[in-house]
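S.K.: Here is my input, please return the structure:
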Amino acid sequence: MEPFYNYIDGEWTACQSGRTFDNINPADTHDVVGRFQASAAEDGQAAVAAAAAAFDGWKNTPIGRRAAILNRAAQQLEANADSIARELTREEGKALSLARDEVLRSAQTLRFYAVEGQTFTGESFPNDDGDMLVYTQREPLGVATVISPWNFPISIPARKIAPALITGNTVVFKPSSDAPLSGYRLAEALIDAGLPKGVLNFITGSAADVGAAITQALAVRAISFTGSTRAGEQIHRSVPLTTRTQMELGGKNPLLVMEDADLDQAVELTIKGGFSLSGQACTGTSRVLVAESVREAYTEKLLARVKTLKIGSGLTPGMDLGPLATRNQLDNVLRYIDIGKSEATLLCGGERLSGPEYDNGFYVSPAVFTDVTQQMRIAQEEIFGPVIAIIAFSDYADAIAKANDTEYGLAAAIVTRNPRYMHRFAADIEAGTVKINRTTTGNLVNAPFGGLKRSSTSTFRESGRTGLEFYTQIKTVYRGL
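M.R.: Numbers count the residues shown, from 1 in each chain. The predicted structure follows:
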């Protein structure tokens, strides 16, 4: 099999060690999606050096030309959406329809920043000296390292790389080793669109081998990372003082079902938020807090709905749940299900599936636990799989206390008809993304995204116009006339 290469300083090249690794289809482990470079520190150093050397030229490139490159890259993604989506499904496992939506969303992100970046400017300030002009100007930082996860392997790097490039930064991009092909296609689109050499450098390999070289170098001025809280905190503590970090980390996201809720709606939001991506979303619903007065009715409806879900390859039409993305994910989810069985009551699911269509993949049936209390590990720790914990509450105050009783604060949602609950929930919940009668998952391209507490560094938000701020610094200029 012909390997996919790194892209460093304008050249597609093998890593210096010559080692490679295989990218495996989680629905069928006999299917090798691609072979990629197992890069090490020297490859990371070369990528950073190339990005640093290209910075002056790129920051002085007219912004209209930068925007045109983003638009051409978006056009390439749109033109090849079907083939890229199929590759995404093969390497990550999600439904083909969701994969195609992700590719098109990534193109939309590139187009959004192509426009917004051209209006992202400084300010002027009135003063009492008629012979002086005071204003700020925004400038790029330099080299930005982008490290992205496997669960949204093209849309998450797109929302990091696009604002970095449009504001004049150069980029070192390392995708997850569990889903590198989608990131490769994004890099390919940007390169084919006309990026000068060194402006975008694409490198694959394990974080243990290449991570320090692309995060701790003095030339790196910004790091945007999405992944586990543990890994994010390690990066955040290890980088130089002059390096900005943007960390989007774990979640333990609650859905509150109030006593006045439409229970059919609540069930559908639970299914979509907790199971549609096999639970593999940082904003996925993992805790459902239900008013005691409707818990029995809600649970009955939820179990009936779960039993209708179809599990299989993402390439199969009508499939609701795909496989878990990796064997490590499979082992971790099964371990938490065993923990849950020792703590609470398992109502359904939680089994490693077997049979001709499942034996070569990482399939688990969606699990629903009840009689869950705040002290249990399945109520506190991020599982990142199709596991729902049902927690009862007595009143609104109890619901908010339990919802906020976690180290995370990424997303939260409420199902209610009561305007007072809606208003209070938005103020009382400790989460960066708040949904009312909507699922915990999903965010707009043009709206800020990020978490509170240990779900984020709580410094700079991603997405939307706010996403441009992370990649720029401000100079204040006093100019005599």
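S.K.: Would you map out the domains in the protein?
M.R.: 6-249+456-480, 253-436 (automatic domain parsing).
S.K.: Including distance to residue 447, could the ones you listed go into a markdown table?
M.R.: For glycine as for every other residue, the C-beta is placed from the backbone atoms N, C-alpha and C. Below are these laid out as a markdown table (distance: least, CB to CB, whole Å):
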| stretch | distance to residue 447 |
| --- | --- |
| domain 6-249+456-480 | 5 |
| domain 253-436 | 9 |
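S.K.: So which of those domains is nearest residue 444?
M.R.: domain 6-249+456-480 (7.2 Å; CB to CB).
S.K.: what separates that closest one from the chain centre, distance-wise?
M.R.: 13 Å (CA atoms, centre = their mean, to the nearest Å).
S.K.: thinking again about what came up before, with mean neighbour count and mean pLDDT added, can I get the domains of the chain in a markdown table?
M.R.: Shown next, in a markdown table, are the domains of the chain (neighbours: other CB atoms under 10 Å; pLDDT from 0 to 100):
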| stretch | mean neighbour count | mean pLDDT |
| --- | --- | --- |
| domain 6-249+456-480 | 20 | 96 |
| domain 253-436 | 20 | 97 |
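S.K.: out of the ones you listed, nearest to residue 445?
M.R.: Going by CB to CB, the one of those nearest residue 445 is domain 6-249+456-480, 5.2 Å.
S.K.: what about that closest one, start to end distance?
M.R.: The straight-line separation of the ends of domain 6-249+456-480 (CA to CA, to the nearest Å) is 49 Å.
S.K.: can you check stretch 171-188 too?
M.R.: For stretch 171-188, the end-to-end distance is 14 Å (CA to CA).
S.K.: what do you get for stretch 305-312?
M.R.: Terminal-residue distance, stretch 305-312 (CA to CA): 17 Å.
S.K.: Need the contact partners of it.
M.R.: Residues from elsewhere that reach stretch 305-312 (CB atoms under 8 Å, 6 or more residues apart in numbering): 27, 267-268, 271, 275, 316, 318-322, 348-349, 353, 357-358, 363, 365-366, 368.
S.K.: Also stretch 229-242?
M.R.: Contacts of stretch 229-242 (CB under 8 Å, 6+ apart): 147, 207, 211-212, 215-216, 218, 220-221, 223, 225, 245, 247-250, 382, 408, 454-455, 457.
S.K.: Restricted to strands, list the residues you listed.
M.R.: Members of the contacts of stretch 229-242 lying in strands (criterion: DSSP state E): 147, 220, 221, 223, 225, 245, 247, 248, 408.
S.K.: Quick check: the farthest pair among the residues you listed?
M.R.: Among these, 221 and 408 lie farthest apart (CB to CB), at 28.2 Å.
S.K.: What segments of the stretch 51-200 of the chain are strands?
M.R.: 124-125, 132-140, 143-147, 170-174, 200-202 (DSSP state E, counting those that start in this stretch).
S.K.: Could you check the angle the second one makes with strand 220-226?
M.R.: It stands for strand 132-140. 60 degrees (axes from the mean of the first three to the mean of the last three CA atoms, to 10 degrees).
S.K.: quick one: strands adjacent to strand 132-140?
M.R.: strand 124-125 (antiparallel), strand 472-480 (antiparallel) (DSSP bridges).
S.K.: angle of the last one against strand 244-248?
M.R.: Strand 472-480 and strand 244-248 are oriented at 140 degrees to each other (the same axes, to 10 degrees).
S.K.: Show me the contact partners of strand 472-480.
M.R.: 120, 122, 131-141, 167.
S.K.: which residues sit in contact with the closest residue to residue 436 other than its chain neighbours?
M.R.: Once flanking residues are discounted, residue 436 sits nearest to residue 422: 5.0 Å by CB to CB, 6 or more residues apart in numbering. Counting by CB under 8 Å, 6+ apart, residue 422 touches 414, 416, 436.
S.K.: So residue 422 versus residue 398, what's the distance?
M.R.: Residue 422 sits 18 Å away from residue 398, taking CB to CB, to the nearest Å as the criterion.
S.K.: What of residue 405?
M.R.: 11 Å.
S.K.: Residue 11: what's it in contact with?
M.R.: Neighbours of residue 11 in contact, by CB under 8 Å, 6+ apart: residue 197.
S.K.: quick one, phi/psi of it?
M.R.: phi -130, psi 140 (degrees, to the nearest 10).
S.K.: again, but for residue 270
M.R.: phi -60, psi -50.
S.K.: thinking it is in contact with residue 254, fair?
M.R.: No: applying CB atoms under 8 Å, one finds residue 270 not in contact with residue 254, separated by 11.1 Å.
S.K.: any common contacting residues for those two?
M.R.: What both residue 270 and residue 254 touch, as defined by CB under 8 Å, 6+ apart, is the set 285, 288.
S.K.: Where does residue 47 sit, in terms of helix or strand?
M.R.: Assessed by DSSP states H and E, residue 47 sits inside helix 41-59.
S.K.: Compute the distance between residue 103 and residue 204, please.
M.R.: Distance from residue 103 to residue 204, by CB to CB: 20 Å.
S.K.: ditto for residue 133
M.R.: For residue 133, the distance to residue 204 - CB to CB - is 48 Å.
S.K.: quick revisit: got a markdown table for the strands of the stretch 51-200 of the chain, with distance to residue 93 too?
M.R.: Shown next, in a markdown table, are the strands of the stretch 51-200 of the chain (distance: least, CB to CB, whole Å):
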| stretch | distance to residue 93 |
| --- | --- |
| strand 124-125 | 51 |
| strand 132-140 | 36 |
| strand 143-147 | 21 |
| strand 170-174 | 21 |
| strand 200-202 | 23 |
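S.K.: Out of those, which is closest to residue 279?
M.R.: So among those, strand 143-147 is nearest, using CB to CB, at 22.2 Å.
S.K.: Just the CA trace of the closest one, in PDB.
M.R.: Once non-C-alpha atoms are left out, strand 143-147 reads as follows in PDB (Å, rounded to 0.1, in the frame of the first residue of the first chain):
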ATOM      1  CA  VAL A 143       3.700  29.800  14.200                       C
ATOM      2  CA  ALA A 144       0.400  28.100  15.400                       C
ATOM      3  CA  THR A 145       0.300  24.400  16.300                       C
ATOM      4  CA  VAL A 146      -3.000  22.700  15.700                       C
ATOM      5  CA  ILE A 147      -3.600  19.300  17.300                       C
END
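S.K.: quick one: it to helix 41-59, angle?
M.R.: 130 degrees.
S.K.: Outside of strand 143-147 itself, list whatever touches it.
M.R.: Contacts for strand 143-147 (CB under 8 Å, 6+ apart): 48, 51-52, 55, 157, 160-161, 164, 169-174, 207, 211, 214-215, 217, 219-227, 235, 471.
S.K.: coming back round to it: check which helices and strands the helix holding residue 47 sits against.
M.R.: strand 6-8, strand 132-140, strand 143-147, strand 170-174, strand 200-202, helix 207-215 (3 or more CB pairs under 8 Å, 6 or more residues apart in numbering; DSSP states H and E).
S.K.: can you tell which of the strands of the stretch 51-200 of the chain is closest to residue 87?
M.R.: strand 200-202 (15.7 Å).
S.K.: tell me what the closest one is packed against?
M.R.: Using 3+ CB pairs under 8 Å, 6+ apart: strand 200-202 touches strand 6-8, helix 41-59, strand 170-174, helix 180-192.
S.K.: Reformat these into JSON lines and put distance to residue 388 next to each item.
M.R.: Below are those laid out as JSON lines (distance: least, CB to CB, whole Å):
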{"stretch": "strand 6-8", "distance to residue 388": "40"}
{"stretch": "helix 41-59", "distance to residue 388": "39"}
{"stretch": "strand 170-174", "distance to residue 388": "33"}
{"stretch": "helix 180-192", "distance to residue 388": "28"}
